[in-house]
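Novice: What follows is a predicted structure for the sequence shown.
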Amino acid sequence: MNQLESNTNRWRLSGQKAVVTGGTKGIGRAIAEEFLNLGAEVIIVARKQTELDTLLAEWHTQQLPASGYALDLSRSTDRLTLTEKVIEKWGRLDILVNNVGTNIRKKTVAYSEKEYQLLLDTNLTSAFHLSQLLYPLLKQSAQGNIIQISSVSGLNHLRTGAIYGMTKAAMIQLTKNLAVEWAPDNIRVNALAPWYIRTPLADAVLQNPDYLNSVLERTPMGRVGEPAEVAAAAAFLCMPAASYITGQCLAIDGGFSVYGF
Ligand SMILES: NC(=O)C1=CN([C@@H]2O[C@H](COP(=O)(O)OP(=O)(O)OC[C@H]3O[C@@H](n4cnc5c(N)ncnc54)[C@H](O)[C@@H]3O)[C@@H](O)[C@H]2O)C=CC1
Ligand SMILES: C[C@H](O)[C@@H]1OC(=O)[C@H](O)[C@@H]1O
């Protein structure tokens with residue numbers, strides 16, 4: 001391979017096979033579209049078949065190599081089903097993006113046990129179990145990558161709920177453990193820690209003008225982020241150009257996490 005070709009491939013995802021969980025809207029959709037436009041083939045997962053059908057039809061009109069499965073990844077059985085589908089379709093895997101996550105914003109004393117378990121299962125157990133299940137396929141890739149979508153709420157206190165923050169902090173720790181454990185298998189593992197990004201999940205609070213102003217006052221760049229700005233970081237970390245980066249957590253936050261006073 002000549003130098004020019006290798007340089008070109010360094011900044012693309014040509015021929016790579018990627019699973020993006022929660023890929024029908026928000027950050028997951030942006031990551032899937034970024035990967036597709038960089039030459040990857042993508043499987044997305046979300047709960048609603050109608051959402052999947054609509055988005056996949058749109059992508060197929062652009063001849064983008066995407067497929068999808070309607071599964072609830074908070075459930076172990078559905079995570080096993082996804083694994084079977086990936087084995088059946090590809091028999092290998094280069095990239096896993098653990099993007100699925102949700103939030104129930106409450107004071108600590110107000111949470112029920114059911115709400116606690118839902119957040120743990122959706123945000124953390126899904127990421128851990130899918131990393132376990134798909135490890136053999138990632139190991140077959142000479143360039144395996146896992147991207148854990150964490151949050152600045154895993155780095156600092158946010159008023160958006162302790163359980164959510166716990167799950168996001170745990171994803172960052174999981175990133176470090178798996179990066180070291182699986183480095184000999186040529187699997188790199190990195191995390192992203194976004195601040196507020198304009199998605200349906202965040203819009204639930206950002207549509208309140210007073211809340212939005214509070215967010216912007218803590219954001220040196222003076223605006224919330226866009227899903228494509230998270231997607232660009234995810235794509236870079238999976239490229240050959242990032243071949244010596246593993247175990248890291250990159251904040252995508254407009255300066256929030258370094259803003260003291
Ligand atoms: N939007 C934001 O401000 C921030 C988001 N994040 C994280 O980014 C990730 C994506 O968030 P958004 O794009 O904002 O969320 P979103 O709610 O807009 O999209 C989430 C996607 O995941 C899917 N999903 C949710 N639960 C699922 C389940 N049990 N099984 C299968 N699919 C499921 C939804 O269908 C949707 O496609 C989450 O992990 C979130 O915690 C982190 C920091 C900031
Ligand atoms: C920046 C945080 O992760 C933010 O907190 C929330 O409640 C939203 O759901 C975002 O994830």
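Specialist: Arrived safely. Ligands and ions are numbered 1, 2, ... in the order given.

Novice: I'd like the distance from the longest helix seen in the chain to the chain centre, please.
Specialist: Using DSSP state H to define each element, the chain has its longest helix at helix 162-181. Distance of helix 162-181 from its chain centroid, counting by Cα atoms, centre = their mean, to the nearest Å, is 13 Å.

Novice: orientation of the helix or strand just after that helix relative to helix 162-181 in degrees?
Specialist: Where DSSP states H and E defines the elements, the next helix or strand beyond helix 162-181 is strand 187-194. Strand 187-194 and helix 162-181 are oriented at 150 degrees to each other (axes from the mean of the first three to the mean of the last three Cα atoms, to 10 degrees).

Novice: Wondering if strand 187-194 reaches ligand 1 at all.
Specialist: Yes - legend: contact between strand 187-194 and ligand 1 by Cβ under 6 Å from any ligand atom is shown at P194. Backbone N, C-alpha and C define where each C-beta goes, glycine included.

Novice: What lies in contact with the helix or strand following that strand?
Specialist: Counting by DSSP H and E, the next helix or strand C-terminal to strand 187-194 is helix 200-206. Contacts to helix 200-206, defined as Cβ atoms under 8 Å, 6 or more residues apart in numbering, come from residues 25-26, 101-103, 105, 160, 196, 198, 211-212, 215, 224.

Novice: could I get the following helix or strand past helix 200-206 in CSV with only the CA atoms?
Specialist: For helix 200-206, the following helix or strand on the C-terminal side (DSSP H and E) is helix 209-217. Extracted C-alpha coordinates of helix 209-217, given in CSV (Å, rounded to 0.1, in the frame of the first residue of the first chain):
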residue,chain,number,x,y,z
PRO,A,209,-35.8,28.9,28.9
ASP,A,210,-34.6,29.3,32.5
TYR,A,211,-32.9,25.9,32.5
LEU,A,212,-31.3,26.6,29.1
ASN,A,213,-29.9,29.9,30.4
SER,A,214,-28.5,28.1,33.4
VAL,A,215,-26.8,25.6,31.1
LEU,A,216,-25.4,28.4,28.8
GLU,A,217,-24.0,30.3,31.8
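
Novice: remind me which residues of the stretch 1-150 of the chain are low pLDDT?
Specialist: 1-6 (pLDDT under 70).

Novice: What residues does it have near ligand 1?
Specialist: So far as Cβ under 6 Å from any ligand atom goes, the stretch 1-150 of the chain lies against ligand 1 at 22, 24-28, 45-47, 72-74, 99-102, 122, 149.

Novice: Which of those residues fall in strands?
Specialist: 45-46, 149 (DSSP state E).

Novice: Using PyMOL, define a selection of the buried residues within the contacts of helix 200-206.
Specialist: Typed into PyMOL, the line below selects the buried ones among the contacts of helix 200-206, using 16 or more other Cβ atoms under 10 Å:
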select buried, resi 25+26+101+103+160+196+198+215+224
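
Novice: if you skip the residues just before and after it, what's nearest to the residue of the stretch 51-200 of the chain found nearest ligand 1?
Specialist: Closest residue of the stretch 51-200 of the chain to ligand 1, Cβ to the nearest ligand atom: G101 (2.2 Å). In this structure, G101 finds its nearest non-sequential neighbour in N123, 4.5 Å apart by Cβ to Cβ, 6 or more residues apart in numbering.

Novice: so who does the one you found touch?
Specialist: By Cβ under 8 Å, 6+ apart, N123 lies in contact with 100-102, 164, 167-168, 171.

Novice: List only buried entries from the residues you listed.
Specialist: 100-101, 164, 167-168, 171.

Novice: No more questions from me, cheers.
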